[in-house]
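Could you work out the structure for the sequence below:
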Amino acid sequence: MKEQSIRRLTDKEVDDSIRLSSFAFQFSLNPEVWEQRRKSLKPDRVWGYFIDGRLAAKAAVHPMRIWLNGRSIPMGGIAGVATWPEFRRQGLVRQLLLHVLGVMRNEGVTVSFLHPFSIPFYRKFGWEVVADAVVLELQPEKCGGFAMEGGMRRIERPLEELGLLHRLRGRYAARFNTMNDRDADWWEERVLANECCCYIYEDASGEPQGYMLFTLKDRLMHIAEWVYLNREAREGMLAFIANHDSMADKVQLKCSANDRLPFLLHDPRFTQTRMPHVMGRIVDVQSFVYAYAFRPGNGPTRLRLRITDEAAPWNDGEFLLSVDADGRGSLTPAAAGSPDAPALACHIRALSAVLLGDQRPASLYEDGLFTGDAAAAELLESRVPATPTNLIDFF
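Prediction:
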């Protein structure tokens, strides 16, 4: 009988984790980069499945935060899921995912995101697509026709103005659901560690209203990130992009599927590639609803909600959803509620997509992913905020 266990990695097992990632994700590291990876990897965030003391599979859970209806909440970011080939198709990853769901719940983390290698695989465990991304590829002149009322200020050392960049992005990100609420380490290790040009847009009074991070190489202007707080900043940065027509043949940028930029350009006929970008799931539905900001109403709303969740049995059951006039919600076992309340049934995947902002209750009711009383779907539709999703970070 083989000895099997799931536990966090220790400092002595960091190399084992890097070696497994290198094999599974097919990359190689020179000694210098390997050492950098060793120093940055936090073993207490990585859960390993061990067989006879050997690391057979692993999954990392990064403590992160996301914006949701104007609030910053904790999120568990799943990454680095990998198995050595001799241990595949034995259910190791399944056991790891079920284990980390329980860990996150115990630690008060009510939502989890991941970037999937396979959407059908993670749907089996309750994760659902919650944000798409669109990659735009266009000529610089497509951005012409806009005025720059203020000016662009180049920052030589972005780390020295990290506070300003963080404030600008925080004000921008709070307008969306699913946006990563970055900490200083994220900025330093994942954003500004990459060599890029950094410009601040300032209005006519000198007040910062946005920024842009980009690279320019081989006549490609790659915009890694742009943030704008108002129309003036967006139009000013579009004029800035257009001014690179002598240096770049193509501009490439990633934006939210909800971004209206193509519609605003004079000629929107260019390559627009839309892809699912991130999957999310509610970890603990009762705690999530308690902290959720529903849309205020004229009075209280009540409906019964039958939730199916095979991977998190604490979410699986029939509940009474109550939302007061101020938008404060609660989810209690249906036995404590009113049997005459209109009822809906759904999987945790559909509920996650709705409450995280990517889908609407009425639409999923039409599609058969919510079933039950039409009146219940209308009630839920009226109380879920219509906040667009957006996420450009990758973890």
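
Export the longest strand seen in the chain to CSV, keeping only CA atoms.
The residue-count maximum for a strand in the chain (DSSP state E) belongs to strand 54-68. Once non-C-alpha atoms are left out, strand 54-68 reads as follows in CSV (Å, rounded to 0.1, in the frame of the first residue of the first chain):
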residue,chain,number,x,y,z
ARG,A,54,7.5,12.0,-3.8
LEU,A,55,5.7,15.0,-5.2
ALA,A,56,3.3,13.6,-7.8
ALA,A,57,1.0,16.6,-8.4
LYS,A,58,0.6,20.1,-7.2
ALA,A,59,-1.7,23.2,-7.3
ALA,A,60,-0.9,26.7,-6.0
VAL,A,61,-3.5,29.0,-4.4
HIS,A,62,-2.4,32.6,-4.5
PRO,A,63,-4.0,35.0,-2.0
MET,A,64,-5.4,37.8,-4.2
ARG,A,65,-8.2,40.4,-4.2
ILE,A,66,-10.7,41.3,-6.9
TRP,A,67,-13.1,44.1,-7.4
LEU,A,68,-16.8,43.2,-7.2
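
Quick one: list the elements packing against the helix or strand that that strand is followed by.
Later in the chain than strand 54-68, the nearest helix or strand by DSSP states H and E is strand 71-83. For strand 71-83, the elements it packs on are helix 14-24, strand 54-68, helix 92-106, strand 111-114, judged by 3 or more C-beta pairs under 8 Å, 6 or more residues apart in numbering; DSSP states H and E. C-betas here are computed from N, CA, C, even on glycine.

Sheet partners, orientation included, of strand 71-83?
strand 54-68 (antiparallel), strand 111-114 (parallel) (DSSP bridges).

closest to Ala291 out of those strands?
When the strands paired with strand 71-83 are compared by C-beta to C-beta, strand 54-68 sits nearest Ala291, at 8.7 Å.

give me the element Ser352 is part of.
Assigned by DSSP H and E, Ser352 falls in helix 348-355.

and that helix, what does it pack onto?
Short answer (3+ C-beta pairs under 8 Å, 6+ apart): helix 348-355 packs on strand 128-138, strand 271-282, helix 285-291, strand 301-308, helix 361-366.

ok, and what's touching the first one?
Taking contacts as C-beta atoms under 8 Å, 6 or more residues apart in numbering, the residues outside strand 128-138 that touch it are 113, 119, 177-178, 250-257, 259, 261-262, 265, 270-281, 349-350, 352-353, 356-358, 389-392.

same deal with the last one?
Outside helix 361-366, the residues within contact range by C-beta under 8 Å, 6+ apart are 344, 346, 350, 353-354, 370-371, 374, 377-378, 380-381, 384.

who's Leu320 bridged to?
Arg304, Thr332.

on that earlier part again, can you give the distance from the helix holding Ser352 to the centre of its chain?
Centroid separation for helix 348-355 versus its chain: 14 Å, with C-alpha atoms, centre = their mean, to the nearest Å.

Just the buried residues of that helix, please?
348-355 (16 or more other C-beta atoms under 10 Å).

what do you get for stretch 88-99?
Those would be 92-93, 96-99, for stretch 88-99 by 16+ other C-beta under 10 Å.

go on, stretch 214-225?
So for stretch 214-225, counting by 16+ other C-beta under 10 Å, buried means 214, 221-225.

what's the span of it, first residue to last?
7 Å (C-alpha to C-alpha, to the nearest Å).

Now that stretch: average pLDDT?
For stretch 214-225, the mean pLDDT works out to 97.

and if you look at stretch 293-312?
Rounded mean pLDDT across stretch 293-312 is 96.

Check stretch 344-364 too.
Averaged across stretch 344-364, the pLDDT comes to 98.

same check, this time on stretch 94-111
Rounded mean pLDDT across stretch 94-111 is 98.

Check what contacts that stretch and list those residues.
6, 47, 49, 57-59, 61, 63, 66, 68, 73-76, 78, 81, 112, 125-126, 280-284, 287-288, 291, 311-312, 314, 352, 356.

now swap in stretch 305-317 and tell me
So stretch 305-317 is contacted by 97-98, 101, 105, 124-126, 282-286, 318-321, 331, 333-334, 343-348, 351, 372 (C-beta under 8 Å, 6+ apart).
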